[in-house]
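>>> build me a structure from this.
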Amino acid sequence: MPKIHTLYREQVIQTDLATAWEFISSPKNLDAITPDDLSFEIITDVPCKMYNGLLIEYKVGIPFLGKQTWLTELKHIREQHSFVDEQRIGPYKIWYHYHEITKVEGGIRFVDKVNYVLPFGPLGSLAHWLFVKRQLKHIFDHREKVTPGLF
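Predicted structure coming up:
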């Protein structure tokens, strides 16, 4: 049985629910919270607002592997509360990313919970230990740093 890894992050940002939802429900804003060193590029002509079943194709620069194509599906959208992006094609065997926003004292709490499984059995486990875990930390540290400035 492959190991299921979990990444969990949350932060409170001083904004209101409507503004927070407007930001996270626009697929175009993913570029604003992705580190430049990943050479992130959305390929799909995305709408201004997401909807259930929306497929988004993008390319991400992954060190040692070059540009990788990802295809994700947006689903389980609960207006002004949560949604999931799930990888359909990409470097992970499983990628299930739950996003949630809730009103709390001091603003809006943003939650990211990612469950993921790497391919290639023991080689995937080694890659996780050597690189993947650190790369994901870099991505989500970057998001935590830049997101408050976008509101």
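>>> now the element after the helix or strand bottoming out on mean pLDDT in the chain, going C-ward?
Ranking every helix and strand in the chain by mean pLDDT, DSSP states H and E puts helix 121-127 at the bottom, with a mean of 80. Under the assignment DSSP states H and E, the closest C-terminal helix or strand after helix 121-127 is helix 133-146.
>>> may I see the buried residues of the least confident helix or strand of the chain?
Going by neighbour count (16 or more other Cβ atoms under 10 Å), the buried part of helix 121-127 is 124, 127. Bear in mind the C-beta positions are built from the backbone N, C-alpha and C, glycine included.
>>> CA atoms of it as CSV?
C-alpha atoms of helix 121-127 as CSV (Å, rounded to 0.1, in the frame of the first residue of the first chain):
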residue,chain,number,x,y,z
GLY,A,121,6.9,2.9,-4.8
PRO,A,122,10.2,3.0,-2.9
LEU,A,123,11.7,5.4,-5.5
GLY,A,124,8.7,7.8,-4.9
SER,A,125,9.3,7.5,-1.1
LEU,A,126,13.0,8.4,-1.6
ALA,A,127,12.0,11.4,-3.9
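>>> all numbers from here: first residue = 372
OK, 372 is where the count begins now, so the last one is helix 492-498.
>>> okay, now D408: neighbour count?
When neighbours are counted by other Cβ atoms under 10 Å, D408 registers 11.
>>> show me the contacts for the residue nearest the centre of the chain.
When Cα atoms, centre = their mean is applied to the chain, the residue found nearest the centroid is H468 (6.1 Å). By Cβ atoms under 8 Å, 6 or more residues apart in numbering, the residues touching H468 are 455-457, 483-485.
>>> tell me the bridge partners for it.
Beta-bridge pairing of H468 under DSSP bridges involves D456, V485.
>>> strands of this protein, residue ranges please.
For the chain, applying DSSP state E gives strands covering 376-384, 412-413, 426-433, 437-449, 453-460, 465-475, 478-488.
>>> looking at these, which is closest to G520?
strand 376-384 (9.6 Å; Cβ to Cβ).
>>> in terms of secondary structure, what does that closest one contact?
Counting contacts by 3 or more Cβ pairs under 8 Å, 6 or more residues apart in numbering; DSSP states H and E, strand 376-384 is packed against strand 478-488, helix 504-517.
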